[in-house]
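Enquirer: using only what follows, build the 3D model:
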Amino acid sequence: MKPYRAACVFILRPQDHFVLAISRGSDTKDWGLPGGGVEDHETFEQGAVRELFEETGVSLAPQTRLRKLFEGPSRRAYTHVFEPQGPLFWPEKLQSTPFEGYVAFVPLSFLISENSSFKRYNLEFFKKIGMIK
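Expert: Residues are numbered from 1 along each chain as shown. Okay, here's the model as predicted:
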């Protein structure tokens, strides 16, 4: 069985350490980074950009590049996490298209709480990039 490939995008609002996140459906206690499965014809970067747009409405300007922050196993997937380096196009309202969950800037604590489906992975990621000890 081929391992599931996933990609996520990390967008931090530096002034208050809030992270752009999407809820798991209507459960506003369970938040994760925008991301998802990478199609067979896509690179991890292409999958991350597509998932960011589908889940939040945010898109990258043509000159914006992605910097890989992290890669590693997460639950049933091998995941790459990227940070945009350059301008983003923000929709008037952050929303998942098609609706999969709520989109918002949330405190980092939401992504590492006991309610988070991705707690273990998020803890490892945030430790690796130096946001938590």
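Enquirer: chain neighbours aside, what residue packs nearest to Glu55?
Expert: Pro34 (4.4 Å; CB to CB, 6 or more residues apart in numbering). Quick note: C-beta positions are derived from backbone N, CA and C, even for glycine.
Enquirer: burial count for that neighbour?
Expert: 26 (other CB atoms under 10 Å).
Enquirer: residues in contact with it?
Expert: Pro34 is in contact with Cys8, Val9, Ile11, Leu20, Ala21, Ile22, Glu51, Leu52, Glu55, Thr56, Val58, Val103, counting by CB atoms under 8 Å, 6 or more residues apart in numbering.
Enquirer: isn't there a helix covering Ser116?
Expert: No. Looking at Ser116 with DSSP: H, G, I helix; E, B strand; the rest coil, it is coil, so not inside a helix.
Enquirer: quick check: it touching Trp31?
Expert: Yes. Ser116 is within contact range of Trp31, at 6.4 Å (criterion: CB atoms under 8 Å).
Enquirer: quick one: which of the two has more around it?
Expert: Trp31 (27 against 20).
Enquirer: what pairs with the more buried one across the strands?
Expert: Ser23 (DSSP bridges).
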